[in-house]
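[1] Build me a model from this:
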Amino acid sequence: MALMEFTKTALKNLFSKPATSNYPFEERKYPENSRGHIEINIDDCIMCGLCSRKCMSGAITVDRTNKTWSIERMGCVQCGACVNACPKKCLSMATGYTQPATEKTVDSYSQPIPETKPGKIVNDMSKCILCGLCARKCPQECITVDRTGEKTWSIDRDKCVQCGACIEACVRFKALSTADDDGEKGVVTLHKE
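    Just a heads-up that it's a prediction; the model follows:
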């Protein structure tokens, strides 16, 4: 009886398609929401470094002075924390996995270094209520708000990368906006009347 069952299974497997794919010769089809590897649209990146700070494995490095973004592919654990943290949504999770290698590889992407910054963040103090939400949302920690003492709002122009996270945080009162860069450097402090 067992011989009949075996014969039936052997004949079925002989005339059916193989269960495995012919991998080197056929491209693998990944499921839609699989976590493969991180890709970046470097043209949209503002080099804020938030992805680097959110990376649990420390695989991402951002160099603002040289305008380079690097990822160590074998160090990345494909958790997606950097993709979720990116304020400009220039990072995405591709479906294909990183190709195996015998050595650690670092993929680096660079932008041309601009001559001047495209603009600056300005605060309309007549609309500002000094809630501090802009300071909490700033990935560069360049905004400080003093609600109790002198009632001031300050921004460090040298650290600001104009990512717009503070403007998005101030959506209710619309006190923050962008203006043309006038070359102002250092910390700028505004007082609430």
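
[2] could you give the mean pLDDT of the longest helix seen in the chain?
    Counting by DSSP state H, the longest helix found in the chain is helix 2-15. Across helix 2-15, pLDDT averages out at 83.

[3] which outside residues touch that helix?
    Where contact means C-beta atoms under 8 Å, 6 or more residues apart in numbering, no residue beyond helix 2-15 reaches it. Using the backbone N, CA and C atoms, a C-beta is placed for each residue, glycine as well.

[4] ok, now which ones touch the residue nearest the centre of the chain?
    Closest residue to the average C-alpha location of the chain: Cys86 at 3.1 Å, with C-alpha atoms, centre = their mean. Applying C-beta under 8 Å, 6+ apart, we find Cys86 in contact with 50-51.

[5] From Ser92, how far out is it?
    Distance, Cys86 to Ser92, using C-beta to C-beta, to the nearest Å: 9 Å.

[6] Then Thr105?
    For Thr105, the distance to Ser92 - C-beta to C-beta - is 19 Å.

[7] residue ranges of the strands in this protein, please?
    Using DSSP state E, the strands of the chain run over 37-40, 60-63, 68-72, 91-94, 106-110, 120-123, 143-146, 152-156, 176-179, 187-191.

[8] And the pLDDT for the residue nearest to the centre of the chain?
    On pLDDT, Cys86 comes in at 91.

[9] swap in Ile113?
    Value for Ile113, per-residue pLDDT: 72.

[10] heads up, I number from 13, so please use that
    Sure, I'll start counting at 13 from here, so that last one is Ile125.

[11] Contacts only, for it.
    78-79.

[12] run the last query once more with 6 Å
    Applying C-beta atoms under 6 Å, 6 or more residues apart in numbering, we find Ile125 in contact with Lys79.

[13] Please apply the same query to Tyr121.
    By C-beta under 6 Å, 6+ apart, the contact set of Tyr121 is 52, 54, 81.

[14] Pull out the buried members of those residues.
    52, 81 (16 or more other C-beta atoms under 10 Å).

[15] Make TSV out of the contacts of Tyr121 and add pLDDT and distance to Gly87.
    As requested, these are exported to TSV (pLDDT from 0 to 100; distance: C-beta to C-beta, whole Å):
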residue	pLDDT	distance to Gly87
Ile52	95	16
Ile54	94	20
Trp81	96	15
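
[16] Put together CSV for the contacts of Tyr121, with distance to Ala31 on each row.
    As requested, these are exported to CSV (distance: C-beta to C-beta, whole Å):
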residue, distance to Ala31
Ile52, 37
Ile54, 41
Trp81, 41
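
[17] mind listing what's buried in stretch 178-188?
    For stretch 178-188, the neighbour count (16+ other C-beta under 10 Å) marks 178-179, 181-182, 187-188 as buried.

[18] Make JSON lines out of those and add distance to Asn135 and pLDDT.
    Shown next, in JSON lines, are the buried residues of stretch 178-188 (distance: C-beta to C-beta, whole Å; pLDDT from 0 to 100):
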{"residue": "Cys178", "distance to Asn135": "9", "pLDDT": "90"}
{"residue": "Ile179", "distance to Asn135": "10", "pLDDT": "90"}
{"residue": "Ala181", "distance to Asn135": "12", "pLDDT": "89"}
{"residue": "Cys182", "distance to Asn135": "9", "pLDDT": "88"}
{"residue": "Ala187", "distance to Asn135": "6", "pLDDT": "91"}
{"residue": "Leu188", "distance to Asn135": "6", "pLDDT": "92"}
